[in-house]
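Novice: One predicted model, sequence on top.
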Amino acid sequence: MIELLAPAGDLEKLKIALIYGADAVFIGGQNFSLRARASNFTLDDILEATTFAHKLGKKVYLTTNIIPHNEDLVGVIEYLQALENNHVDAIISASPYIIDMALMHTNLEIHLSTQQSAYNAEAVNYWYDKGVKRIVLARELSKYQIGQLTKVSKADIEVFIHGGMCMSFSGRCSLSNNMTDRDANRGGCAHSCRWNYEIIDNNKLINPESFSMSSKDLEAIHQIPYLIDHGVSSLKIEGRMKSIHYIATVVSTYRSLIDQYLKFGEIKDYQQFENEMTKAENRLSSIGFLEGTPGIEQQLYGMRSEQPSQLFIGLGLSYDEKTQIATIEQRNYFKLGDEIEVYNPSGFHYVFTLEFMTDENNECLEIARHPKQVLKIKVPNIVEPFAMIRKHIQIKV
């Protein structure tokens, strides 16, 4: 069965990802993880995460994927044993030493990080023979190369399908370290490739406009059937630092696409999934290397592409069926008269015009201005816990 794997930067995001359809999540602990600025999980958080996931029959993987220096290795064995005691389903690692220590001192399942740049079946099977169960492939492979590799792979294969793409080989970049003393391979990436640059020669500006060196984000909607048919075990979404609205939208969209393909054996209309993705706070997207070597149209040389939509206006907390009053936590500005979409975790979505709203003290409001304020709104149907409340927009095809 194909696995949909989602990112989770904290406990709230973990719950959102699993409730909206992920089969597993990957998280970072406070040691040995490549996202130092994420809200990384303490050991107590990890236990809460695994307890929540396992009750749903789902899994939690933890990243120990830094490329360590000597001083980074203090306490590795004890930390790995603590992860095992807190019921982590697998660790994602790039360091041979961390992998060896996990094999020697724990029964943890091990997944090879994309940081190891596994491009071929010989590398995949080498790591499998060492005891690694799953290989997260390098991101620079086409779907055809992946399809050939899975035929001869002994290990389970995991492939990135969505999210940020590094401008270097599978995330192994030294640009940030050289420019800011923040080592991307030890958790400190400053995203230097997204900065604006000028070329100066003998104090003369060469390029008339500044440029960046980053790529568009990956979006593999059309490639999912091929990857499923060719034996990929896990489809991975990137983005532990993304918002809960992004996670809910992206996860539920891929969940629906995968389920539709598994049920009917085809996808008749990709447009519905493409439209849904546009509602996430996303950068411009491309297909990465999945259809072959990317062209210039997949790069962001002369532009920034962040598109904060502010569509996400509230998180569902509870619903009273008798009064049809939903309690929500506000996230962005909205007002009476707005067309609102309720995006429930169950997949039941609907649109209505907002005509009644109060604060917690039942004082009537016309405008919601304060993020995190708890509000009550009149709705025509159910609002499930963790529902995404967002402004409705008409997608032009």
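Specialist: That came through fine. Residues are numbered from 1 along each chain as shown.
Novice: CA atoms for contacts and neighbours, from now on please.
Specialist: Will do.
Novice: Would you mark the buried spots in the lowest-mean-pLDDT helix or strand in the chain?
Specialist: Here the helix or strand of the chain ranked lowest by mean pLDDT, DSSP states H and E is helix 175-180, holding a mean of 74. Buried residues in helix 175-180, defined by neighbour count with 16 or more other CA atoms under 10 Å: 175, 176, 177.
Novice: Adding distance to residue 117, write those residues out as TSV.
Specialist: Below are those laid out as TSV (distance: CA to CA, whole Å):
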residue	distance to residue 117
175	18
176	19
177	20
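Novice: Show me the domain layout of the chain.
Specialist: Structural domains assigned to the chain are 3-203+213-298, 312-391, following automatic domain parsing.
Novice: Determine which of those shows the lowest mean per-residue pLDDT.
Specialist: For the domains of the chain, mean pLDDT drops lowest on domain 3-203+213-298, to a mean of 90.
Novice: how far away is the closest residue in space to residue 191 that isn't next to it in sequence from residue 167?
Specialist: Leaving aside its sequence neighbours, residue 191 sits nearest to residue 176 (CA to CA, 6 or more residues apart in numbering; 6.7 Å). Counting by CA to CA, to the nearest Å, the separation of residue 176 from residue 167 is 12 Å.
Novice: and what of residue 337?
Specialist: In terms of CA to CA, residue 337 sits 44 Å off from residue 167.
Novice: can you pull out the helices in the stretch 251-397 of the chain?
Specialist: Along the stretch 251-397 of the chain, counting by DSSP state H, counting those that start in this stretch, helices occupy 271-277.
Novice: how about residue 80, what does it touch?
Specialist: 102, 106 (CA atoms under 8 Å, 6 or more residues apart in numbering).
Novice: On the three-state scheme, it is what?
Specialist: Counting by DSSP: H, G, I helix; E, B strand; the rest coil, the backbone at residue 80 sits in helix.
Novice: Give me the distance between it and residue 132.
Specialist: Counting by CA to CA, the gap from residue 80 to residue 132 is 15 Å.
Novice: How about residue 198?
Specialist: Distance, residue 198 to residue 132, by CA to CA: 44 Å.
Novice: And those two? Which one has more around it.
Specialist: More crowded of residue 198 and residue 132, by other CA atoms under 10 Å: residue 132, with 23 against 13.
Novice: Work out for me the element the more buried one sits within.
Specialist: Using DSSP states H and E, residue 132 falls within no helix or strand.
Novice: cool, residue 246 as well?
Specialist: With DSSP H and E as the test, residue 246 turns up in helix 244-264.
Novice: contact partners of that helix?
Specialist: For helix 244-264, contacts defined as CA under 8 Å, 6+ apart pick out 4, 6-7, 12-13, 16-17, 20-22, 221, 224-225, 237, 266-267, 273, 276-277, 279-282, 312, 345, 347, 388.
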